[in-house]
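>>> sequence first, predicted model second:
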Amino acid sequence: MQMQMKMKGLCHRLPYLILGAMVLHSTASAQTPAAPPTNADLKVMVDTVWVLFTAFLVFWMNAGFGCVEAGLCRAKNATNILGKNFVVFAFSTLAYWAVGFAFMFGDGTSILGLNGWFLGGADNSPEMGEVYKGIFSSLNWTGVPLLAKFFFQLVFAGTAATIVSGCVAERIHYKSFIVFTLILVGISYPTTGHWIWGGGWLASMGFRDFAGSTVVHAVGGWAGLAGILLLGPRNGKFKKDGSVQPIPGHSMALVFLGGLILWLGWFGFNPGSTMAVDPRVISHVAMTTNLACCAAILSSTLLAWIMLGKPDFSMTINGALAGLVAITASCNFVTVTGSFFIGLIAGLIVVPAVLFFDKIKIDDPVGALSVHLANGIWGTLSVGFFASAESPGGGANGLFYGGGMGSLTTQFIGTLAVGAFTLAVTLAAWFLIKMTMGIRVDAADEARGLDISEMGMEAYAGDAIEQ
Amino acid sequence: MQMQMKMKGLCHRLPYLILGAMVLHSTASAQTPAAPPTNADLKVMVDTVWVLFTAFLVFWMNAGFGCVEAGLCRAKNATNILGKNFVVFAFSTLAYWAVGFAFMFGDGTSILGLNGWFLGGADNSPEMGEVYKGIFSSLNWTGVPLLAKFFFQLVFAGTAATIVSGCVAERIHYKSFIVFTLILVGISYPTTGHWIWGGGWLASMGFRDFAGSTVVHAVGGWAGLAGILLLGPRNGKFKKDGSVQPIPGHSMALVFLGGLILWLGWFGFNPGSTMAVDPRVISHVAMTTNLACCAAILSSTLLAWIMLGKPDFSMTINGALAGLVAITASCNFVTVTGSFFIGLIAGLIVVPAVLFFDKIKIDDPVGALSVHLANGIWGTLSVGFFASAESPGGGANGLFYGGGMGSLTTQFIGTLAVGAFTLAVTLAAWFLIKMTMGIRVDAADEARGLDISEMGMEAYAGDAIEQ
Amino acid sequence: MQMQMKMKGLCHRLPYLILGAMVLHSTASAQTPAAPPTNADLKVMVDTVWVLFTAFLVFWMNAGFGCVEAGLCRAKNATNILGKNFVVFAFSTLAYWAVGFAFMFGDGTSILGLNGWFLGGADNSPEMGEVYKGIFSSLNWTGVPLLAKFFFQLVFAGTAATIVSGCVAERIHYKSFIVFTLILVGISYPTTGHWIWGGGWLASMGFRDFAGSTVVHAVGGWAGLAGILLLGPRNGKFKKDGSVQPIPGHSMALVFLGGLILWLGWFGFNPGSTMAVDPRVISHVAMTTNLACCAAILSSTLLAWIMLGKPDFSMTINGALAGLVAITASCNFVTVTGSFFIGLIAGLIVVPAVLFFDKIKIDDPVGALSVHLANGIWGTLSVGFFASAESPGGGANGLFYGGGMGSLTTQFIGTLAVGAFTLAVTLAAWFLIKMTMGIRVDAADEARGLDISEMGMEAYAGDAIEQ
Amino acid sequence: MKKIEAIIQPFKLDEVKQALIGLGIQGITVIEVRGHGRQKGHTEVYRGAEYKVDLLPKIKLEIVIADSNLESVVKAISEAARTGKIGDGKIFVSSLEDAVRIRNGESGDVAL
Amino acid sequence: MKKIEAIIQPFKLDEVKQALIGLGIQGITVIEVRGHGRQKGHTEVYRGAEYKVDLLPKIKLEIVIADSNLESVVKAISEAARTGKIGDGKIFVSSLEDAVRIRNGESGDVAL
Amino acid sequence: MKKIEAIIQPFKLDEVKQALIGLGIQGITVIEVRGHGRQKGHTEVYRGAEYKVDLLPKIKLEIVIADSNLESVVKAISEAARTGKIGDGKIFVSSLEDAVRIRNGESGDVAL
Ligand SMILES: Nc1ncnc2c1ncn2[C@@H]1O[C@H](COP(=O)(O)OP(=O)(O)O)[C@@H](O)[C@H]1O
Ligand SMILES: Nc1ncnc2c1ncn2[C@@H]1O[C@H](COP(=O)(O)OP(=O)(O)O)[C@@H](O)[C@H]1O
Ligand SMILES: Nc1ncnc2c1ncn2[C@@H]1O[C@H](COP(=O)(O)OP(=O)(O)O)[C@@H](O)[C@H]1O
């Protein structure tokens, strides 16, 4: 290992040779191992550690989504749901690597990126700003290697896909979900993402979504809604008399674990979106992210207690996630106090939202729409209400801070545009899949459980009987 | 995102303008994006990454406590326990943000901090030492932004509260636990914390508790003991004939997972308590923390094997946590060898402690007292026995290293003072709650399980029957 | 805390005094707290944070192995398996601390290290290269404190031991597994590890194993195979007619969680093996690690779907791990595209491998051999096929990149040598244990489950009946 | 006094229960069982090895009634539980000698 | 030979078991069941939607005894299982034709 | 019509099932139960406190057959389930009045 290290020590710097002064230092220094890195080198080192570390935390959210979704569904479908949540990141990776990243961040028009298939093309990252030369100019504000940028953006794309998994749970074909994932992460998500984070038209309008209330969460929610519309509710969810037949989740232990995994992951999701270590910013974002979540737990738990008679644990979990989704867009543009109220409101939105979707017969087994769609929208608009020039992110004040309707309007336009586009595209995608390979398992299989019909494997095989 | 970044890049530095030379550099540099950060900037960057990263690991311990506690209790109370462990951090955050942090670290008397409600007040962090100007002088030894300091201290405060949750499990009202959490994290914990970490009278005496064997764990243990005293044992735990009726936990899988989550979290808990990246120190603390845990696993497992006939897995878990609790105070003040013996002894303490509490009819469902109280005390005293001037933390030698009784006495006084205060205050708090809202569910509900009576939701709803 | 910090700030630098110029700076600076660290200091800081952070991730893999193994076995053996996976790291730590690390990295012959029992002996880390003076020269290429080096290497040693746990599950004595762990981690693993990472004869030959496809995974696999050979299959696994009686795992939820924990842990396992923050390298390794895993998920899932009729979830999990194991040796020596194909092939290997081991009556309950042994070998050889001079790790090209048979031959020799040695030594160890303390529980206990016979404790005690 | 044991499809439990309550029958005991019968099971493949699951989840109802109710109850159950597909299950009738209500010691039909 | 089927409250299992052992009864088979009866269930609210849980956890004991023991056993069970509250459960008695001990083929009362 | 209730060791289920199928018996209902009998249980120590587990996992089979099959079935079960060790279990025989196949209303022996 030592040997290869020496080799590496040498040759990994060669490519830098093209990068001018700053790196010449470090290359020079490469001759005498002892020579320490330059300050510029050190900044790249620290930033890369931060970007990868936070990306790993976001990756970890895959486990969280799987646990929450499986826990809120029935044991007879658990293997299927867990399977979906496991493979979804693999297929997201392949789609995003092949085309998604290029559509989203490759240089192109204000509508779509058009460079960088399979990450191919010029790129002299970690160079920044003017010094950056390459095809991913929209990411030239962060000074880390290209593969770090890709990996960080990838875990976000993966998140959008996992949101859908919850909406369509307990009735969709495994294969159909996989195909949809490829379309969502390969085409739809990157397009709207390009508008906002890829230097597209919404970015130019001044639309603000720091870590993805719209880019990731609302998009995932819209795509899931489209799926629900074409799938219909699970058999038995709505009684003939129109009343709701609750279908209790099979493991609150999984839900608990998933909830905390997601909460933890959000400390990568939001603070990491700086993609650079700005001490004040990452500390502020960690604080607002956590406070919004806590405020939402408070309000959702109390509201459930009042409206439903008990502190429904699943509502508390939905509430926590609602607060996290809501603060995602604004975490860096609002004050600490602002984040408290944004979270508080998120918790008040999510509980009625769950009841509402049930009432209009939208069967969302895990509350993903109430969490990611409803609060993805609220979070995006919250920038328009609570944005403060005092915040690290600065920028225009929101309505409540005397900034008038300006920012709010922009946020509203962005919300509409992204929603309309995503809903349209994903409806089409789901429809195509339905026509070709079908999306819904047959009633008998649904009754028996997808674990046996789709996976051929029970989630919890008993000892005594099976052997 | 790009755009806002530029904005941010600019305006987030403005506040620094007041901070004098070092930062003037970086502000100046802000003009030309390419200019790298100064060494002072870089130190703040690295330290902040470390503080946040380790804080996230400690936050993750919430999942660990929830899993261990739920796993060691019955399925019929699982939702309730998991719910408590999920919301406890939210309420801790609100209480600590509002008043707790101010009481603990705000400038004030040697008894109590009196500044910084809702983090308000002057503070020029990340400036350090003499250069620091603000109301949280007791934290001027760490060079990270204020919100990073708060977040790191917050996750510790949350830990103390979760310890209580285990002690009172399977019989307490949800609401009563929540109210107690507010009192503990808002008032009691910060007071004793101020004495030791807030520059209070124990700190001045030279009392040493590096990461909180007393500040966090013993305090949590005392508060839990108070709760148990006012709650009484779970129905059925002690038979008429006085013998113990074991109440087996419902999932060793949860216990296993929780145990490893806590072990992992402790790598944030102890090494993070440097609140700065001192390579030698954090490496040493990671080593001593792990070695003490392993030694305790060895001794607790063997002792259980001998005393109880089998290598009781729940004792192994308690042993691991006992070792971690014990080394928490001393991890930076003892040698690697010292940490081995501290852990070894912790494992020998925890097993008899569990039997002892059962014998005196203190019903502690998860062994929290044996772990956090007994070994919180042992860990605090262990500094007095094993402290070595050779250690990174240095300072006075302990008894076994020829330092005489000096340090040991101080540690002993601190243990007593904190114990007496916490027990008194929390007994009063529990009593008040009992008088006003009540603390214990009625016998029928306890028999049926708190999941239905308190939460209205089973943890593991069956498929077939329920639908 | 403040106080001790000041103390520390002072005394922890003293030992550096011996380390010459660079450190003299930092020591000088110690006089006036305000003085920022030097660039050399900063590099050590960042590298140490990285090494510890990634080591924590690898430590976390213990939870992953426990969950996957327990989930793929029966409920009646769950406590036993989880217990093994919990204590194994403790015993690994003790063995590696006492002798393992010395055998592996201590200065000695090309066959074995012979210095550094209990980490004793001269060492001026974090000094590097020529400047390094001490008994662990083979680790002088990384600039972090000795205890960070030890902790990082320790978590790798622990991994090898956990692999064995899966192979011998559901039939081995708790005590026998513990004793074997001490031998494996104390003697066998460090010996072959010395050959490759300790500057031994294979390292001199140019054998390349970046993060341990052979050093960790194949070795764990060989040791497990030896165990299986001496244990024989679980009762009932093979019917009289020679056909296989499947023994379904009891919880796919645990398997899912474990799979994602391991995937996450691998982001510490591979990128961390740089043991230094080289932005380009760690980004590249994170990318190749993830892509290989995703490609393997794709190929293993599709292959299982075709061969077995359903997308067997346990095969998907095995596939993911197969891809991760395979890319471990080559992650830094191959291109992104190369990693895709390495993973793709790993997925195609693991599925038939599972069927093959069943066919030849090697009862491997969790597929550990197919994952760690088969793909540990494939991953090691993959360097010889796919290595590219363009990669960050550089070095000789592999066969497919026009490098001829050179590298492939070396990789092959290393694979054989390590395999032969490990199989021989561990067969002897298992045999010795079998003769002395026995290894297999008796048939009745096996039928009743090891939880009761070995641990005296059920994993999932029911509420109603037990009380 | 008659004892009725009915084995039905799990997803029919609710309908059958309602039907019985409709008849004024209150006392019902429900047991989760697994059944083997004409209904073919399914083959699961676990890690490449096939095995037949020919014990399918069923629900068993036990209802003790006064002789007079026999016909109506059997009729109610079979109608509510019928899908017409193999696997619908069976109803078994046997006679019971006595029933005692633990709460107050009442016995005979009044105890039902 | 009589077969006694007793449905009791889960938390009464231990007491009843002891009472039976006290009578020298060794053979007992215990089944976890769910019961519907006079005892009202409870309403759970899951994510805002109410549903009635009217199948409550109960324990069913099956004990086969010689005719001679009938009275004492029924008495023992009903006393041990009684709380006096609705939901205490029932004891059903039927007659059995034969019993065989698998281990050694013994049949009749000696097999019990 | 006879009802056979057999309590056997869980690990014997498969053999017994095969033996019955061998006799052309198709209808079998299987229930997981716990049994107390001559077979001694084991003592578990949980966190230092001992407790006896004297309810051991058993499998209960319920098979309804035509009278004519009684002997052969009892024989088949007891042979397939026998290990000769305490705990092998019991076979209980009672008579049944009627059986109805829900699917098509058939009753009597044809319904079995
Ligand atoms: N003779 C029998 N004895 C006991 N249980 C039976 C018998 N026949 C059927 N059953 C139960 O009824 C269930 C349904 O019977 P099956 O033959 O599958 O369908 P159908 O009743 O429509 O013919 C079986 O799974 C089994 O549990
Ligand atoms: N007629 C019956 N047939 C079968 N089971 C019954 C019958 N009556 C009662 N049970 C069982 O006994 C349990 C208790 O009966 P319930 O009516 O609730 O209380 P009580 O026995 O005090 O009147 C019920 O949950 C049910 O399982
Ligand atoms: N009289 C009985 N009534 C009900 N169940 C019985 C009776 N006797 C035995 N059993 C069941 O049979 C099982 C085995 O009986 P046991 O006495 O342990 O062994 P053996 O049948 O070999 O004497 C018991 O666990 C119990 O479930």
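Perfect, I can see it now. Ligands and ions are numbered 1, 2, ... in the order given.

>>> C-alpha only now, for contacts and for neighbours.
Will do.

>>> ok so A:Arg125 is a helix residue?
I think there's a mix-up here, since residue A:125 is Ser and not Arg. No - using DSSP: H, G, I helix; E, B strand; the rest coil, the secondary structure at A:Ser125 is coil, not a helix.

>>> touching, it and A:Lys149? I think so.
No - A:Ser125 is beyond contact range of A:Lys149, at 9.3 Å (criterion: C-alpha atoms under 8 Å).

>>> neighbour count for these two, which is higher?
The neighbour comparison of A:Ser125 against A:Lys149 (other C-alpha atoms under 10 Å in any protein chain shown) goes to A:Ser125, with 26 against 23.

>>> and the nearest residue to that one once chain neighbours are set aside, what is it in contact with?
Excluding the flanking residues, the one nearest A:Ser125 by C-alpha to C-alpha, 6 or more residues apart in numbering or on different chains is A:Pro145, at 5.0 Å. Shown in contact with A:Pro145 (C-alpha atoms under 8 Å, 6 or more residues apart in numbering or on different chains): A:Thr48, A:Ser125, A:Pro126, C:Pro279, C:Arg280, C:Ser283.

>>> is it true that the first one touches A:Val144?
Yes - with contacts counted by C-alpha under 8 Å, A:Thr48 reaches A:Val144, the gap being 5.4 Å.

>>> anything in contact with each of these two?
Residues touching both A:Thr48 and A:Val144 by C-alpha under 8 Å, 6+ apart: C:Pro279.

>>> near ligand 2, anything from stretch D:19-38?
Yes - judged by C-alpha under 6 Å from any ligand atom, stretch D:19-38 and ligand 2 are in contact via D:Gly27, D:Ile28, D:Thr29.

>>> since we're on the nearest residue to the first one once chain neighbours are set aside, how many residues are nearby?
By that I understand D:Gly27. Among residues not flanking D:Gly27 along the chain, E:Gly37 sits closest, at 4.4 Å (C-alpha to C-alpha, 6+ apart). A count of nearby residues for E:Gly37, using other C-alpha under 10 Å, gives 19.

>>> hang on, the earlier thing: closest to ligand 3 out of the residues of stretch D:19-38 next to ligand 2?
When these are ranked by distance to ligand 3 (C-alpha to the nearest ligand atom), D:Thr29 comes first, at 18.6 Å.

>>> and the pLDDT for the closest one?
At D:Thr29, the pLDDT value in this model is 97.

>>> wait, it touches D:Leu20, no?
No - between D:Thr29 and D:Leu20 there is no contact under C-alpha under 8 Å: 12.0 Å.

>>> pLDDT of the host helix or strand of A:Ala326, averaged?
A:Ala326 belongs to helix A:313-330 when assigned by DSSP states H and E. Helix A:313-330 carries an average pLDDT of 98.

>>> which strands or helices does the helix or strand that that helix is followed by pack on?
Sequence order places helix A:336-359 as the next helix or strand after helix A:313-330, per DSSP H and E. Here helix A:336-359 touches helix A:279-308, helix A:313-330, helix A:375-386, going by 3 or more C-alpha pairs under 8 Å, 6 or more residues apart in numbering or on different chains; DSSP states H and E.

>>> is any part of the first one close to chain C?
The one in question is helix A:279-308. No - using C-alpha under 8 Å from any C-alpha of the partner chain, helix A:279-308 stays clear of chain C, with a minimum separation of 15.0 Å.

>>> returning to what we had before: near ligand 3, from the contacts of A:Pro145?
Subset of these in contact with ligand 3: empty, counting by C-alpha under 6 Å from any ligand atom.

>>> tell me how far stretch A:384-399 is from the chain's mean position?
On the basis of C-alpha atoms, centre = their mean, to the nearest Å, stretch A:384-399 sits 23 Å off its chain's mean C-alpha point.

>>> what do you get for stretch A:55-66?
Remark: stretch A:55-66 is offset 10 Å from the chain centroid, using C-alpha atoms, centre = their mean.

>>> near chain C, anything from it?
Yes - applying C-alpha under 8 Å from any C-alpha, one finds stretch A:55-66 touching chain C at A:Phe56, A:Phe59, A:Trp60, A:Asn62, A:Ala63.
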